[in-house]
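Student: Fold the following.
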Amino acid sequence: MADGYLDVLVLRHLCTIIMEKTPGKLELILSYFADFTPLQLKQFEALDELYRDWNSKINIISRKDIDSLYEKHVLHSLSIAAIFEFPKDAQVIDIGTGGGFPGIPLAIFFPEVSFHLVDSIGKKLKIVDAVAEAIELKNVTTQHIRVEEIKNRKFDFVVSRAVAPLKDLWRWSKPLLKKSHAPLVQSSESINSSQLSLPGLICLKGGDLTSEIHDSGIRPRVMEIADLFNEEYFKMKYLLFVPR
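Tutor: This is a model prediction of the structure:
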């Protein structure tokens with residue numbers, strides 16, 4: 001039997017064991033990702049109760065979506081991790097983070113990467129701070145500010161989820177991006193590897209993006225999340241990458 005095939009079998013066996021020992025809420029995440037530490041599993045598991053509790057006080061997530069937290073918010077955020085692997089010590093800013101997506105799941109996934117989560121609505125960041133503190137997430141900072149008001153700070157990557165049209169996202173992001181950084185590891189053949197030596201904007205969007213991309217005047221790399229995850233929810237959901 002080929003070694004590579006044996007490795008796959010071992011990985012599947014280990015994933016099965018992990019899923020049997022973890023709460024059902026995490027099964028969806030573990031069906032696509034493995035190799036989490038016990039701390040990461042504990043952090044992901046804690047998100048359900050934390051967001052339910054905070055959502056009862058401040059409506060940060062649609063009431064009808066709270067039962068789909070791991071699919072529509074956590075896994076959706078982690079589609080970025082399925083394509084990109086941020087280098088150690090990278091600096092990432094999540095603009096318009098809302099309740100902490102995609103920043104919180106990505107910060108759990110990449111514990112050696114620094115994430116700065118910003119939003120113009122302070123009460124949303126109150127939730128982000130509380131969640132990060134509760135799960136002892138050490139690589140997250142927050143700032144109550146409009147993104148266009150951020151000065152004298154540079155980042156390797158900007159991430160965003162359903163915040164604004166691509167044209168505006170790029171206008172806000174470009175001044176925040178460094179001119180160079182440690183190379184980004186390519187996890188998908190759908191991205192031109194020559195672009196990965198550049199900082200860039202990574203954003204999550206849905207629906208027909210034809211007009212939005214045309215109006216932006218830029219040509220992002222567009223990846224279908226449905227190619228990564230089989231759930232019906234991810235049809236017509238996309239990940240866009242704009243290198244600086």
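
Student: Not counting its neighbours along the chain, what's nearest Phe33?
Tutor: In this structure, Phe33 finds its nearest non-sequential neighbour in Leu78, 6.8 Å apart by Cβ to Cβ, 6 or more residues apart in numbering. C-betas here are computed from N, CA, C, even on glycine.

Student: Got the confidence number for the one you found?
Tutor: Predicted confidence (pLDDT) for Leu78: 98.

Student: Contacts for the strand or helix carrying it next, please.
Tutor: Element membership of Leu78, judged by DSSP states H and E, is helix 76-83. Outside helix 76-83, the residues within contact range by Cβ atoms under 8 Å, 6 or more residues apart in numbering are 29, 32-33, 101-106, 109-110, 159, 161, 187-188, 190-191, 202, 204, 223, 225, 228-229, 233-234, 237, 239, 241.

Student: Centre of the chain to it, how far?
Tutor: 5 Å (Cα atoms, centre = their mean, to the nearest Å).

Student: Confirm that Phe241 sits in a helix.
Tutor: No. Read with DSSP: H, G, I helix; E, B strand; the rest coil, Phe241 is strand and lies in no helix.

Student: Report the beta-bridge partners for it.
Tutor: Ile202, Arg221 (DSSP bridges).

Student: Isn't it up against Ile202?
Tutor: Yes. Because the distance of 5.4 Å satisfies Cβ atoms under 8 Å, Phe241 is recorded as touching Ile202.

Student: For the residue lying closest to Trp172 once chain neighbours are set aside, the count of nearby residues, please.
Tutor: Nearest residue to Trp172 in three dimensions, chain neighbours excluded: Val147, at 4.7 Å (Cβ to Cβ, 6+ apart). Using other Cβ atoms under 10 Å, Val147 has 23 other residues around it.

Student: now Val147: how far from Asp156?
Tutor: Distance of Val147 to Asp156, given as Cβ to Cβ, to the nearest Å: 16 Å.

Student: before we move on, what about Leu239?
Tutor: From Leu239 across to Asp156, the span is 17 Å (Cβ to Cβ).

Student: Do you know the pLDDT at the residue lying closest to Ile60 once chain neighbours are set aside?
Tutor: In this structure, Ile60 finds its nearest non-sequential neighbour in Gly99, 3.9 Å apart by Cβ to Cβ, 6+ apart. Predicted confidence (pLDDT) for Gly99: 95.

Student: What of Ala162?
Tutor: At Ala162, pLDDT is 86.

Student: surely it meets Leu204?
Tutor: Yes. Using Cβ under 8 Å, Ala162 is in contact with Leu204, at 6.5 Å.

Student: So for those two, which sits in the more crowded spot?
Tutor: Just comparing Ala162 and Leu204: by other Cβ under 10 Å the higher neighbour count belongs to Leu204, 20 against 14.
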